[in-house]
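Colleague: here are the coordinates; sequence isn't available:
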């Protein structure tokens with residue numbers, strides 16, 4: 001999408017200098033930039049790479065001497081990653097989905113398709129489903145009966161949306177995402193080994209062979225506005241009530257959100273993180289990669305779970321936790337430092353014991 005430097009700067013709310021009529025068609029790293037590219041050189045290391053490319057214009061940090069870098073124009077970005085968000089949005093055209101409904105689609109007559117929707121080949125939409133205005137739906141997506149998808153959503157190829165799922169505006173689902181699968185909920189006729197171990201913290205009585213019985217999922221999933229769901233991530237439907245995801249929450253690839261969970265607004269869940277069933281998460285909570293939360297746990301507003309954290313108990317608002325079982329980050333770091341020092345401490349103790357033994361041996365000899 002060709003744009004002038006002036007147009008890009010205006011869209012970013014940034015300052016531009018030089019020949020702002022220069023037209024660029026895409027963004028590029030400085031060393032790979034062609035003459036029609038806008039080079040992204042917001043740090044000193046990237047700015048030095050401009051000599052290896054052919055860019056005429058670049059996105060720079062304020063105060064950079066753009067003329068000394070051989071540029072004809074520059075845009076200044078006080079906060080690089082915020083500028084990146086606006087810039088990439090300006091150049092991202094998204095998947096190419098032709099307007100209208102492809103003839104290969106199977107759409108129930110009772111489904112409602114909003115104006116301006118674009119639906120790619122082999123999409124299946126069930127009875128009573130409602131698709132909002134301007135929605136774009138990629139190939140091989142399935143949307144089951146009674147589902148509601150808000151306006152201006154983008155559902156990438158192969159995503160699955162279950163029955164009665166309700167999704168707000170501007171939702172994005174990456175390929176392979178699944179919303180509204182059954183929750184993983186099973187029970188045994190008598191108390192199971194898991195229940196017994198939870199009560200006794202490890203002690204077990206007589207083991208009775210039993211089979212698991214399914215607890216069916218009668219609820220569904222409710223998602224707010226401006227939520228994004230990564231590739232191959234799953235949000236399970238609730239058992240009786242709905243699983244809920246608050247507006248503005250962003251979910252990475254390969255994330256699991258179990259049945260009955262309630263997630264607040266503007267949360268960030270990184271890859272391979274997971275919530276067990278019936279977890280309650282406040283607003284603006286961050287789960288770093290591989291962080292996991294046990295069932296029925298509550299995470300307070302603005303808490304941060306660092307990478308690989310295993311949360312087994314409630315986390316207060318604003319707390320940063322790490323490790324498994326998760327503890328406050330300061331305590332985790334102290335434990336880690338102590339563990340690293342342990343070999344040296346043991347070596348010193350052994351040396352001291354050897355010295356004491358030698359002293360005792362010398363005394364015995366003298367006697």
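Modeller: Structure's in. What do you need? Just so you know, these numbers come straight off a predicted model, no measurement behind them.

Colleague: buried stuff in stretch 71-88?
Modeller: By neighbour count on 16 or more other C-beta atoms under 10 Å, the buried set for stretch 71-88 is 71-77, 80, 83-84, 87. C-beta here means a position set from N, CA and C on the backbone, and glycine is covered the same way.

Colleague: from those, which has minimum pLDDT?
Modeller: Between those, the one the model trusts least by pLDDT is residue 80, at 84.

Colleague: Isn't it up against residue 42?
Modeller: Yes: with contacts counted by C-beta atoms under 8 Å, residue 80 reaches residue 42, the gap being 3.7 Å.

Colleague: Now list whatever residues contact both of the two.
Modeller: Here residue 80 and residue 42 share the contacting residues residue 61, scored by C-beta atoms under 8 Å, 6 or more residues apart in numbering.

Colleague: What pLDDT does the model give residue 99?
Modeller: What the model reports as pLDDT for residue 99 is 94.

Colleague: Burial check on it, number of neighbours?
Modeller: 9 (other C-beta atoms under 10 Å).

Colleague: Could you do residue 103 as well?
Modeller: When neighbours are defined as other C-beta under 10 Å, residue 103 has 6 of them.

Colleague: Of the buried residues of stretch 71-88, just say which sits nearest to residue 343.
Modeller: The closest of the buried residues of stretch 71-88 to residue 343 turns out to be residue 80 (C-beta to C-beta; 41.8 Å).

Colleague: measure stretch 197-208 end to end?
Modeller: Stretch 197-208 stretches 14 Å from its first residue to its last (C-alpha to C-alpha, to the nearest Å).

Colleague: just how off-centre is the longest helix anywhere in the chain within its chain?
Modeller: The single longest helix within the chain, with elements called by DSSP state H, is helix 329-366. Helix 329-366 sits 45 Å away from the centroid of its parent chain (C-alpha atoms, centre = their mean, to the nearest Å).

Colleague: in that helix, what counts as buried?
Modeller: 329, 332.

Colleague: same question, stretch 144-155
Modeller: For stretch 144-155, a neighbour-count test (16+ other C-beta under 10 Å) marks 144, 146-155 as buried.

Colleague: Next step: these restricted to strands.
Modeller: Residues of these located in strands (DSSP state E): 148-149, 154-155.

Colleague: Now do the helices in this structure.
Modeller: Going by DSSP H, the chain shows helices at 5-12, 44-48, 80-91, 193-200, 329-366.

Colleague: Of all those helices, which one is nearest residue 56?
Modeller: Nearest of the helices of the chain to residue 56, taken as C-beta to C-beta: helix 5-12 at 9.1 Å.

Colleague: Just give me the neighbour total for residue 59.
Modeller: Residues lying near residue 59 (other C-beta under 10 Å) number 28.

Colleague: which residues does it bridge with?
Modeller: Assessed by DSSP bridges, residue 59 has beta-bridge partners residue 40, residue 75.

Colleague: I'd say it and residue 86 touch.
Modeller: No: when contacts are counted by C-beta under 8 Å, residue 59 is not listed as touching residue 86 (10.2 Å).
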